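Peer 1: everything below, folded, please.
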Amino acid sequence: MTGDSIAIVGAGLAGARAAQSLRRQGFDGRINLIGAEQHPPYDRPPLSKDVLAGTTSATATYLESDDYWAEQQINLMLGQPAVSLRHAERKVELADGRTLDADKVLLCTGGRPRVLNVPGSGLPGVWCLRTIEDARSIREHLTVQARVVVVGAGFIGAEVAASARALGCEVTMVEIAPVPLWRALGEEVGRVYAQVHRDHGVRLLTDVGVDDIVGDVAVRQVILSDGSAIDADVVVIGVGLEPMTDLAAQVGAQVGNGIIVNEFCETTVAGIYAAGDVANHPNAIMGERVRLEHWQNAQNQAVAAASAMLGGRAPFCEVPWFWSDQYDLNLQVAGHPHASDQIVWRGRRDPSSFSAFYRRNGMVRAVLGVNRPRDVRAGMDLIARSVAVDAGTLADESTDLRTLARVGRPPAPAAPGSTGPA
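Peer 2: Okay, the predicted model is just below:
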């Protein structure tokens, strides 16, 4: 592809890793890395933890030094989002009217935070956390005894609550589901994490939504769906991410819970690829399509996309994995849990250290470990090899999971119409 031009839309982790991988694989054409923010590529996970807690500066999250991108001849086009793919002309148009040549395009557009469609959501003091600027603004207001209301008890909301508590804030977390992390990990695990937050002084309110946010020059109260009111100096909304599929849809690429791609990160339009948070891809290990908002997926799928753009035909497929740091707990999840999975607990349900395995059709399909990284690592092997394991064996802490993964064999295929053992 000597002399060709590649445009990467989205200068986050996925876009950056794709650009780097193109160079490492010998591509010597032009690479334009297009980002809507003024910052060079940076890591987002520290924003809700170390940056918010004040233990890490925002600039420390930059993936590379200022000189690196120029040395690699990767053109950073910052502060000017792409607004149009002129596919027939092989060009990408930026917000300021400039056009860039693009023989191939990689969409790493990620997502935008979902907003609450309630009165007062635009008041000063109400934030979503997605960017460095968001983290800096929120951090300035997290003073001792500041009244912080976190809307949404998913991973971002839970991390913000933990960071705010560490700074001495009074934290109320509001969740419309019965327990925190319910959608991601199910109700049983969510109950354990609810106790974790309460034990650390968070006022956790569940099964309730937000009807109104009240204030004048700044936020003052959050009015809940049950009519109660919470005084607030700071409101952080963490109710999920909306994948940014606009550019893909504009050129007729298939979209649906993200941009639909095949195992080679190709969209349904020739020459246009997608990777990272926005890509909805088939995962042969999990046996389903997934769209993952995970650091590992963004990095590794971007490398795979770069290879595919250069003619490689190695399918992208790996066991999903992510982590979350809250208080003194490191939570790791591998696989793709379903709400209907059977959960097998390994050891006591001690909030400071436990593992939970998610079984489906007799096989481990996901594992959660809190301060138990070895169990997660072994669980990833069980998932990757589709090893059938009975619940009692998983629950028994004397079982060597690593040996089980090495010597296990995939189960015989179920008969047509059968769902296999529970």
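Peer 1: could you check how far the spatially most central residue of the chain is from Ala304?
Peer 2: For the chain, Glu293 is the residue whose C-alpha lies nearest the centre (C-alpha atoms, centre = their mean; 2.5 Å). According to C-beta to C-beta, to the nearest Å, Glu293 and Ala304 sit 17 Å apart. Where C-beta positions appear, they are placed from N, C-alpha and C, glycine not excepted.
Peer 1: quick one: Asp96 is in a helix?
Peer 2: No. Secondary structure of Asp96 (DSSP: H, G, I helix; E, B strand; the rest coil): coil, not part of a helix.
Peer 1: for the stretch 51-200 of the chain, what spans make up the helices?
Peer 2: Along the stretch 51-200 of the chain, the segments classed as helices by DSSP state H, counting those that start in this stretch run 68-71, 132-141, 155-166, 182-185, 187-199.
Peer 1: may I see the buried residues of the next helix-or-strand element following the last one?
Peer 2: Reading on from helix 187-199 to the C-terminus, the next helix or strand found by DSSP states H and E is strand 203-206. Applying a neighbour-count criterion of 16 or more other C-beta atoms under 10 Å, the buried positions in strand 203-206 are 204-206.
Peer 1: what strands flank strand 203-206, and is each parallel or antiparallel?
Peer 2: Sheet partners assigned to strand 203-206 using DSSP bridges are listed as strand 170-175 (parallel).
Peer 1: quick one: average confidence on the strand it pairs with?
Peer 2: Regarding strand 170-175, the rounded mean pLDDT is 98.
Peer 1: with stretch 246-257 instead?
Peer 2: 97.
Peer 1: in PDB, list the C-alpha atoms belonging to that stretch.
Peer 2: Extracted in PDB, the C-alpha atoms of stretch 246-257 (Å, rounded to 0.1, in the frame of the first residue of the first chain):
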ATOM      1  CA  ASP A 246     -23.400   8.600  12.100                       C
ATOM      2  CA  LEU A 247     -20.500   8.500   9.600                       C
ATOM      3  CA  ALA A 248     -21.000   4.800   8.900                       C
ATOM      4  CA  ALA A 249     -24.700   5.200   8.400                       C
ATOM      5  CA  GLN A 250     -24.100   8.200   6.100                       C
ATOM      6  CA  VAL A 251     -22.300   6.000   3.600                       C
ATOM      7  CA  GLY A 252     -24.800   3.100   3.900                       C
ATOM      8  CA  ALA A 253     -22.800   0.800   6.200                       C
ATOM      9  CA  GLN A 254     -24.900  -1.400   8.300                       C
ATOM     10  CA  VAL A 255     -25.400  -0.200  11.900                       C
ATOM     11  CA  GLY A 256     -27.200  -1.700  14.900                       C
ATOM     12  CA  ASN A 257     -25.900  -1.300  18.400                       C
END
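Peer 1: give me the contacts around it.
Peer 2: Applying C-beta atoms under 8 Å, 6 or more residues apart in numbering, the contact partners of stretch 246-257 are 9, 82, 84-85, 87, 107, 109, 243, 245, 259-260, 267-269, 272, 274, 280, 291.
Peer 1: out of the buried residues of strand 203-206, who's nearest Val174?
Peer 2: Leu205 (5.1 Å; C-beta to C-beta).
Peer 1: how about the nearest residue to the closest one, chain neighbours excluded?
Peer 2: Val174 (5.1 Å; C-beta to C-beta, 6 or more residues apart in numbering).
Peer 1: just list whatever residues bridge to that neighbour.
Peer 2: Bridge pairing for Val174 - DSSP bridges - gives Val151, Leu205.
Peer 1: show me what contacts it?
Peer 2: 149-153, 205, 208-210, 222, 224, 230.
Peer 1: now do 7 Å
Peer 2: Going by C-beta atoms under 7 Å, 6 or more residues apart in numbering, Val174 touches 149, 151, 205, 208, 210, 224.
Peer 1: what pLDDT does the model give the first one?
Peer 2: When you say that, I think you mean Val149. With respect to pLDDT, Val149 scores 98.
Peer 1: from here on, call the first residue 50.
Peer 2: With 50 as the first residue, the last one maps to Val198.
Peer 1: hmm, back to that, quick one: buried ones out of the contacts of Val223?
Peer 2: Judged by 16+ other C-beta under 10 Å, buried ones among the contacts of Val223: 198, 200, 254, 259, 273.
Peer 1: what's the first-to-last distance across stretch 147-154?
Peer 2: Using C-alpha to C-alpha, to the nearest Å, the end-to-end distance of stretch 147-154 comes out at 16 Å.
Peer 1: which SSE is Gly64 in?
Peer 2: Here Gly64 is assigned to helix 62-73, by DSSP H and E.
Peer 1: neighbours of Pro229, how many?
Peer 2: 30 (other C-beta atoms under 10 Å).
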